[in-house]
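**Student:** Structure here, sequence nowhere to be found:
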């Protein structure tokens with residue numbers, strides 16, 4: 001079984017753990033709503049007008 005030669009420093013450990021946090025902060029994909037023109041996450045109902053694929057699915 002492999003054994004580390006040196007102890008992992010606090011900085012290196014924290015940098016590794018922080019990558020998941022920084023990945024969440026990166027901008028995600030957005031598209032313009034075909035009904036109202038606001039930016040929304042693709043494949044989801046628009047939070048501003050409630051439309052998805054030219055059908056109203058949410059009461060806003």
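**Tutor:** Yep, it's here. Given the structure is predicted, the values throughout are model-derived calculations rather than measurements. Numbering: from 1, shown residues only.

**Student:** Check what pLDDT the nearest residue to residue 35 once chain neighbours are set aside gets.
**Tutor:** Leaving out its chain neighbours, the residue that sits closest to residue 35 by CB to CB, 6 or more residues apart in numbering is residue 51, at 4.1 Å. C-beta here means a position set from N, CA and C on the backbone, and glycine is covered the same way. Predicted confidence (pLDDT) for residue 51: 93.

**Student:** Surely residue 51 touches residue 37?
**Tutor:** No: the criterion here is CB atoms under 8 Å, and residue 51 misses it with residue 37 at 11.2 Å.

**Student:** More neighbours: which of the two?
**Tutor:** Taking other CB atoms under 10 Å, residue 51 and residue 37 do not tie; residue 51 has more neighbours (18 against 11).

**Student:** Distance of the more buried one relative to residue 22?
**Tutor:** Distance from residue 51 to residue 22, counting by CB to CB, to the nearest Å: 33 Å.

**Student:** if we can go back for a sec, what residues are recorded as beta-bridge partners of the residue nearest to residue 35?
**Tutor:** residue 56 (DSSP bridges).

**Student:** any idea how far residue 30 is from it?
**Tutor:** Distance of residue 51 to residue 30, given as CB to CB: 16 Å.

**Student:** Give the buried residues for the helix or strand bottoming out on mean pLDDT in the chain.
**Tutor:** The helix or strand of the chain with the poorest confidence is helix 10-25; it has a mean of 88 (mean pLDDT, DSSP states H and E). Within helix 10-25, no residue is scored as buried using 16 or more other CB atoms under 10 Å.
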